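> quick one, fold the following:
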Amino acid sequence: MTDPCILKTENLSLSYGGFTAVDKVNLQVKHKTVHSVIGPNGAGKTSLFHCLTGGRRPTGGRILFKDEEITNKSAHARVGSGMARSFQITSLFQNLTVRENLRLASQGRDGNRALVFWRSVSARGEHQALADQVMERLGLTHKAGVAAGDLSHGQQRILEVGMALCGKPALLLLDEPTAGMGVNDIPMMTELIAELGKDYSVLLIEHNMGIVMSISDTITVMSRGNVLIEGKPAEIRADMRVREAYLGEVA
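Model (predicted):
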């Protein structure tokens, strides 16, 4: 029987001296679902993401991705295995166009071969084709020739997700994708994440509870480095411990 989970952690821990940021967390992310991790500030969400993506080496426990242990693998090796992450702060090539940003992200899948600069752009037709495909899915085709720096903040965040998609990941990790977005841009990102959950496994950190409750298949609530509760949105919304942790924000 095929394992229904693409990502698992077993007693995953991360400590800094006497402070434990992640405390024996057991997480299971299923294939082609949107799995959100929420919690008050300081709950350990970002530290958990750092462990999962290779930014920090755990001090205890294991990480399994597609049935392979990756606990001590480098961040680059995890990307090669099929992980992609977007960050809270956008990291685009501001002076390059939307199409060029996506083409470079696609080209990056070649690893060291991407540094063979004497190959013409026309020789990389597959990268351009992928860039155009992702651009269409993002609804940014009409912005193809616009510099990334001239996009709205919301469009920049969506473009960053697109750059992650150009790596053809099996698991997409999104860290506060709506951070700093205007009210008019948030529905666009919300719809995009919901759609991505049909084709990819998505692990999401998000503070906007309206978004989390509307698009998540599973929600893990963290508090002080521990998993407080995990379940479907209706279960999370009804749990008194969650209400107390958020001082009524989820009510």
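> domain parsing for this protein?
Annotated domains of the chain cover 1-82+169-251, 89-168 [automatic domain parsing].
> which of the ones you listed has the lowest average pLDDT?
Note on those: lowest mean pLDDT is at domain 89-168, with a mean of 82.
> report the distance from that domain to the chain centre.
With C-alpha atoms, centre = their mean, to the nearest Å as the basis, domain 89-168 stands 17 Å off its chain's centre.
> helices or strands up against the helix or strand containing Q128?
Assessed by DSSP states H and E, Q128 sits inside helix 125-138. Helix 125-138 is packed against helix 98-107, helix 153-165, with contacts defined by 3 or more C-beta pairs under 8 Å, 6 or more residues apart in numbering; DSSP states H and E. (Each C-beta comes from the backbone N, C-alpha and C, glycine too.)
> okay, angle between the longest one and helix 98-107 too, please.
In this case it means helix 153-165. Computed by axes from the mean of the first three to the mean of the last three C-alpha atoms, to 10 degrees, the angle separating helix 153-165 from helix 98-107 equals 30 degrees.
> and the next element down the chain from helix 153-165?
The C-terminal neighbour of helix 153-165 among helices and strands, as given by DSSP H and E, is strand 171-175.
> on that earlier part again, format the helices and strands packed on helix 125-138 as TSV; extra columns: mean neighbour count.
Shown next, in TSV, are these (neighbours: other C-beta atoms under 10 Å):
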stretch	mean neighbour count
helix 98-107	23
helix 153-165	22
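> let's have these in JSON lines, adding distance to G55.
Shown next, in JSON lines, are the helices and strands packed on helix 125-138 (distance: least, C-beta to C-beta, whole Å):
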{"stretch": "helix 98-107", "distance to G55": "19"}
{"stretch": "helix 153-165", "distance to G55": "15"}
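> out of those helices, flag the one nearest I38.
I38 lies closest, by C-beta to C-beta, to one member of the helices and strands packed on helix 125-138: helix 153-165, at 18.7 Å.
> packing partners of that closest one?
Contacts defined by 3+ C-beta pairs under 8 Å, 6+ apart place helix 153-165 against strand 83-86, helix 98-107, helix 125-138, strand 171-175, helix 186-196.
> if you set the cut-off to 7 Å instead, what comes out?
The contact analysis (3 or more C-beta pairs under 7 Å, 6 or more residues apart in numbering; DSSP states H and E) places helix 153-165 against strand 83-86, helix 98-107, helix 125-138, helix 186-196.
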